[in-house]
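Participant: Predicted structure and sequence below. I'll ask about it afterward.
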Amino acid sequence: MDIKHESDGSRGAFFIEDDGQRLAEMTYVSSGISLLVIEHTIVSPALKGRGVGKQLVAAGVEYARRNGLTILPLCSFARAEFDKSPAYADVLYRQP
């Protein structure tokens, strides 16, 4: 499954499509110069249990690393992934 990314500069999403239908999506907003706020992650029942949500979070983390960004995971699923993965600590937003 290919994860795609779209962004209009202030909002964006990492997603998986099949025949033009979104089957999974993680949405975010850009806040400030270097912060992505993950708002929501949703996976269709057809893909549940296949690690797709984790893959979307991982794609967001890699995007943040490549672009010098930090992430504030407001979405409960994304927050849980950050809590479980010390490897994501480098991009986790920490309030000054």
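Facilitator: Yep, that arrived. Residues are numbered from 1 along each chain as shown.

Participant: The longest strand along the chain packs against which elements?
Facilitator: Longest strand in the chain, counting residues (DSSP state E): strand 21-31. Here strand 21-31 touches strand 11-18, strand 35-43, helix 52-67, going by 3 or more C-beta pairs under 8 Å, 6 or more residues apart in numbering; DSSP states H and E. C-beta coordinates here come from the backbone N, C-alpha and C atoms, glycine included.

Participant: Run the angle between the last one and strand 21-31 for me.
Facilitator: When you say that, I think you mean helix 52-67. 40 degrees (axes from the mean of the first three to the mean of the last three C-alpha atoms, to 10 degrees).

Participant: Over to the second one?
Facilitator: Here strand 35-43 runs at 160 degrees with respect to strand 21-31, directions being taken by the same axes, to 10 degrees.

Participant: From the rest of the structure, what touches strand 35-43?
Facilitator: Outside strand 35-43, the residues that touch it by C-beta atoms under 8 Å, 6 or more residues apart in numbering are 12, 23-31, 52-53, 56-57, 60, 63-64, 69-75, 77-78, 93.

Participant: Weed out the non-buried ones from these.
Facilitator: For the contacts of strand 35-43, a burial check counting by 16 or more other C-beta atoms under 10 Å picks out 12, 23-28, 30, 52-53, 56-57, 60, 63-64, 69-73, 75, 77-78, 93.

Participant: would you turn the helices and strands packed on strand 21-31 into TSV with distance to P86 and mean pLDDT?
Facilitator: Formatted as TSV, those follow (distance: least, C-beta to C-beta, whole Å; pLDDT from 0 to 100):
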stretch	distance to P86	mean pLDDT
strand 11-18	22	97
strand 35-43	18	98
helix 52-67	12	98
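
Participant: measure G60 to R50 for me?
Facilitator: 18 Å (C-beta to C-beta, to the nearest Å).

Participant: typo on my end, E81
Facilitator: 15 Å.

Participant: about what we covered before: with distance to M1 added, can I get the helices and strands packed on strand 21-31 in a markdown table?
Facilitator: Compiled in a markdown table, these are given as follows (distance: least, C-beta to C-beta, whole Å):
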| stretch | distance to M1 |
| --- | --- |
| strand 11-18 | 5 |
| strand 35-43 | 11 |
| helix 52-67 | 7 |
